[in-house]
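quick one, what's the 3D model for this:
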Amino acid sequence: MSPWPRDESPLIPDTDDDEIRTDIFGLLGAAGARRIAQVTPAGADWLASAVPHPRSTLTLWAARPTAPSVLPCGSAFDVVNAPAIFGRRMLDRLWEEGPGSGPVAAYRGRTLLFAAPGTAQRLPALLSWEEWGATGSDRAEEDGDGEAGACGEGAVPPPLLCHGAGDAVTVPPLTPGAASGPRWVVAPDTRHPWLPGPEVLLWACVRAARATVRAARQAAAAPVGMLPRPCS
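Numbering: from 1, shown residues only. The predicted model follows:
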């Protein structure tokens, strides 16, 4: 973990800065030993860098570690907001076939993928240019996996919400809070996390759409006896 950034301005009048740092390091270190999707002190540094006064934000988090926060997009990160199931399919593709992901959160039936700044402006255009319903051997050969079209016929992704400059999102707390609140799926653990850009997220979207179509076709082709019976 990276050291806490130095700042000459006091956190709280008549309060020792090292005391604040020790408190939050101890808080995150102890919780991190018990949980996988856990923000590290370096990850907290990165999240706080999204606001104009990060040290004040870190102080607030040290006092209320289980409270969600609202952070602005556009400087440290953008956020791509997808329906929960489709977003998890995108995440699966990123980790199983691609370069991995940046931090990811879940909240109110949505998956929030943290992306490189500028993604919110570029990704919608890339999605609109993609030939979602195209078919043809040329495109299949380009894809290299023998599937027709950019995504396969009928494979159109659900609408994605892209949050960039001028937007703000609710992010999970440093340590898990209320069960109904936001939670980390992939928690930030470094001060300089790798964040996917628009091209990488388009790639993940294409493959998630294919997976959605395949799952639907497999369900439709399943023998009637294999389908679950309705409750009487």
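
tell me the contacts of residue 183?
37, 105, 106, 107, 172, 176 (CB atoms under 8 Å, 6 or more residues apart in numbering). (Each C-beta comes from the backbone N, C-alpha and C, glycine too.)

what's the neighbour count on the spatially closest residue to the fourth one that is not a sequence neighbour?
Put plainly, it is residue 107. With CB to CB, 6 or more residues apart in numbering as the measure, residue 182 is the residue that lies nearest to residue 107, at 3.7 Å, once sequence neighbours are left out. Using other CB atoms under 10 Å, the number of residues around residue 182 comes to 20.

with residue 99 instead?
By other CB under 10 Å, the burial measure for residue 99, its neighbour count, is 11.

ok, now which ones touch the residue lying closest to it once chain neighbours are set aside?
Distances taken as CB to CB, 6+ apart place residue 200 nearest to residue 99, at 6.5 Å, with adjacent residues excluded. By CB under 8 Å, 6+ apart, residue 200 lies in contact with 94, 98, 99.

likewise for residue 204?
Per CB under 8 Å, 6+ apart, neighbours of residue 204: 90, 91, 93, 94, 98, 196.

ok, now with 6 Å
Residue 204 makes contacts with 90, 93, 94, as judged by CB atoms under 6 Å, 6 or more residues apart in numbering.

list the buried residues of the longest helix belonging to the chain.
Ranked by residue count under DSSP state H, the longest helix found in the chain is helix 198-221. Within helix 198-221, the residues that qualify as buried by neighbour count (16 or more other CB atoms under 10 Å) are 198, 200-213.

which of those lies closest to residue 59?
The closest of the buried residues of helix 198-221 to residue 59 turns out to be residue 201 (CB to CB; 33.5 Å).

relative to residue 156, how far out is the closest one?
16 Å (CB to CB, to the nearest Å).

low-confidence ranges, this structure, go.
1-37, 133-154, 222, 224-232 (pLDDT under 70).

ranges for the strands of it?
Chain-ordered strands for the chain, with DSSP state E as the definition, fall at 69-72, 78-83, 104-107, 110-115, 161-163, 168-171, 183-186.

with distance to residue 60 added, can I get those in CSV?
Converted to CSV, those look like this (distance: least, CB to CB, whole Å):
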stretch, distance to residue 60
strand 69-72, 8
strand 78-83, 21
strand 104-107, 19
strand 110-115, 20
strand 161-163, 22
strand 168-171, 13
strand 183-186, 18
